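Enquirer: Pasted the sequence and its predicted model underneath.
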Amino acid sequence: MSFGTAHHETTVLMIEAMMELDFTGKRVLDMGCGTGVLAILAEKMGASGVLAVDSDEWAYRNTEENLEKNNSSNINVIHGGPEVVRGMFHIILANINRNVLMEMIPAFAACLYDGGILLMSGFFEEDLAGLKDRAMENGLRFRDARSENKWTVTEFIR
């Protein structure tokens, strides 16, 4: 009943990008966590702590269920938006949509450690230029982007 079953191109792209990163000992934020699949993967890849946040009640509840089913002990799930996020992160995962990402980029940049990574998806190839400009305006450097069926994932570094 929530997004994030790992069948959509954006989730696949996020997972592929995550597989190229080192999560060992890292603090991770999964913003717009859906079912929690990306948060669970981050934990399984060695993250020391994961904060999973979603404003949708169904997504929040579904994430809680999936954390229990996967014996996840290093993931804290919170129902809410960016206002509930506290602390700094080494990696931020955001698979949402173009408009929400554009709005949240300043908040992501503010809670990302120097050298930290922001992975974003949930938007089309033609939206990349605008997201890139917004990220760079907020002190992030473009590192990579790839697409599948016009859906795109992008990586930025603080």
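Expert: Arrived safely, thanks for sending.
Enquirer: which one's the longest strand in this protein?
Expert: strand 112-124 (DSSP state E).
Enquirer: Need the CA coordinates for that strand. PDB is fine.
Expert: Output in PDB follows, covering the C-alpha atoms of strand 112-124 (Å, rounded to 0.1, in the frame of the first residue of the first chain):
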ATOM      1  CA  LEU A 112      24.800  16.700   5.200                       C
ATOM      2  CA  TYR A 113      28.400  16.400   6.500                       C
ATOM      3  CA  ASP A 114      31.200  17.800   4.400                       C
ATOM      4  CA  GLY A 115      32.000  15.000   1.900                       C
ATOM      5  CA  GLY A 116      28.600  13.600   2.400                       C
ATOM      6  CA  ILE A 117      26.500  12.200  -0.500                       C
ATOM      7  CA  LEU A 118      23.000  13.100  -1.600                       C
ATOM      8  CA  LEU A 119      21.200  10.500  -3.800                       C
ATOM      9  CA  MET A 120      18.000  11.700  -5.400                       C
ATOM     10  CA  SER A 121      15.500  10.100  -7.700                       C
ATOM     11  CA  GLY A 122      11.800  10.200  -8.500                       C
ATOM     12  CA  PHE A 123      12.100  12.600 -11.500                       C
ATOM     13  CA  PHE A 124      12.500  12.600 -15.200                       C
END
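Enquirer: just checking, what packs against the helix or strand following it?
Expert: For strand 112-124, the succeeding helix or strand toward the C-terminus, using DSSP states H and E, is helix 128-137. Here helix 128-137 touches helix 98-110, strand 112-124, strand 141-148, strand 151-157, going by 3 or more Cβ pairs under 8 Å, 6 or more residues apart in numbering; DSSP states H and E. Yep, even glycine has a C-beta here, placed from its N, CA and C like the rest.
Enquirer: Which among those is found nearest to Thr24?
Expert: For Thr24, the closest of the helices and strands packed on helix 128-137 is strand 112-124, at 13.5 Å, according to Cβ to Cβ.
Enquirer: contacting residues around the most centrally placed residue in the chain?
Expert: Closest to where the C-alpha atoms of the chain average out (Cα atoms, centre = their mean) is Leu93, at 1.5 Å. Listed by Cβ atoms under 8 Å, 6 or more residues apart in numbering, the contact partners of Leu93 are 14, 18, 28-31, 38-39, 42, 119.
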